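Chemist: Predicted model, plus sequence, below.
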Amino acid sequence: MGVANPFVTAGQWFKGNLHTHTTESDGACSPAENIRWHEQHGYDFVSITDHNRITDPAQFCDPRILTLLGTELSLGVTKGGGPSHLVACGLPADFQAPPPDSLTPQEGIDLVSSRGAACFVAHPHWSWMTMEELGELTGCAGIEVYNTGCDRENRTGLAEPYWDDLLRRGRPVWGFATDDSHWRTPDYGGGWIMVKAPKRSPGVILEAIKTGHFYASCGPAIQDITLEGQLLRVSCSPARSIYWSEGTRGGSVHARGEELLEGAEFEVDARNYLRIQVVDGAGRWAWSNPFFLTSVARMV
C-alpha cells in the first residue's frame, strides 16, 4: 500500500467526535454536559467546535476523556449559495478566531494550519458546495464524509461523491464522520472516528488524524485491512455488505439470509486508490481512509 496502514501499525484504537457544539455558541447543552455525555458513552476524546470561538473545556474535563481545542469557522458563502464552514481541531488556547465570514475558505485553512490544527471541510453537501470550489482548496486534512446533524435534518449529511472526486484528482484527503451535534434533536452519537495511535495524548492523537490513521463509522467496526498483491482482505464486525471502491469502480460481497459477514476477500484492480465501506444489519456505515496506489502514493 502506498501509505502506512493503520491496521498494521502499533497502537490502540481511540474513539472520538470532532464536531459538536455547546451553549457557548448555538448548542443546547453546556460544555460540562457535552463532555459528560461523551465520557459516559465510551468516547476517548472530543473536540468542542463552537462557532467562531474557542471553548476551553479544561475546567469540565473528566480525566477519562481527552479534549482537543477546536472551532468551526464561518467562511462566507459557497458557489451554491450555502454557508461555508471549516472545522479545526488541535488549536492552541490563545487562538483568536476571526470574525465570521471575514476570510475566504483558503485563508481559513491557511490560518488554522499555521497554528498546528488539523482541519476539514464541514458538510459540503449541506453547504451546496460545488466540486470545482472544493477541488480548489489545499492544505486541509479532508472532508466530512458523514455529518449526523445534516443527515437527520434534511438528508444532506453524506458526501461520498465529493470525496471520490477529490481522490480521483489525486488529492490525498481523509473522510471524517462527525455529529455536528446541537442537542435540540437526536443529532448526537451518530458519527465518529476511530484513531489508531500509540497513546491517548493531544499531540499523538492529532498527528494520527493528520496522517489518516483512522477510519470513520456510524456503527460498524473495521478490524483489519490487508493488501497482498491484488488480494484484498477485510475483517469487520458483523456486516450485511462489504465494498471496496475506487469511485465508480469496485466490488462487493453481501450476506445471504440472516447470517452476517465477518469479512471478505477481493481480487482488486484499483488503479489509483481504494477504500473500504462496511454496512451492518441496521444499515449503518463505516469507511476506511483511502489507500493510495502507483503514482498517487508519491504525493502523500
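Modeler: Alright, I've got the coordinates. Numbers count the residues shown, from 1 in each chain.
Chemist: mind checking how far the residue nearest in space to the middle of the chain is from Arg184?
Modeler: Most central in the chain under C-alpha atoms, centre = their mean is Phe176, positioned 1.0 Å from the mean C-alpha point. Using C-beta to C-beta, to the nearest Å, we find Phe176 at a distance of 22 Å from Arg184. Bear in mind the C-beta positions are built from the backbone N, C-alpha and C, glycine included.
Chemist: what does Gly135 give?
Modeler: For Gly135, the distance to Arg184 - C-beta to C-beta - is 34 Å.
Chemist: Compare these two (neighbour count), which wins?
Modeler: Per other C-beta atoms under 10 Å, whichever of Gly135 and Arg184 has more neighbours is Gly135, with 15 against 11.
Chemist: and that one, what does it touch?
Modeler: Applying C-beta atoms under 8 Å, 6 or more residues apart in numbering, we find Gly135 in contact with Asp165, Leu166, Arg169, Arg171.
Chemist: Selection in PyMOL covering whichever of the residues you listed are buried, please.
Modeler: The following PyMOL line selects those of these that are buried, judged by 16 or more other C-beta atoms under 10 Å:
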select buried, resi 165+166+171
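Chemist: Out of the contacts of Gly135, which sit inside helices?
Modeler: Asp165, Leu166 (DSSP state H).
Chemist: what's next to the host helix or strand of Leu86, contact-wise?
Modeler: Per DSSP states H and E: Leu86 is located in strand 83-89. Contacts of strand 83-89 with the rest of the structure, by C-beta under 8 Å, 6+ apart, involve 18-19, 47, 49, 68-78, 105, 108-109, 112, 117-123, 127, 129, 140, 144, 178, 206, 209.
Chemist: Any figure for the gap between the residue of the chain positioned farthest from its centre and Gly281?
Modeler: What lies farthest from the middle of the chain is Gly257; by C-alpha atoms, centre = their mean that is 32.0 Å. As defined by C-beta to C-beta, Gly257 lies at a distance of 12 Å from Gly281.
Chemist: With Ser127 instead?
Modeler: 32 Å.
Chemist: These two - which one has more neighbours?
Modeler: Using other C-beta under 10 Å, the more surrounded residue of Ser127 and Gly281 is Ser127, with 23 against 15.
Chemist: what's the residue lying closest to the more buried one once chain neighbours are set aside in contact with, if anything?
Modeler: Spatial nearest neighbour of Ser127, excluding adjacent residues (C-beta to C-beta, 6 or more residues apart in numbering): Gly82 at 4.0 Å. Contacts for Gly82 (C-beta under 8 Å, 6+ apart) come out as Trp126, Ser127, Trp128, Met129.
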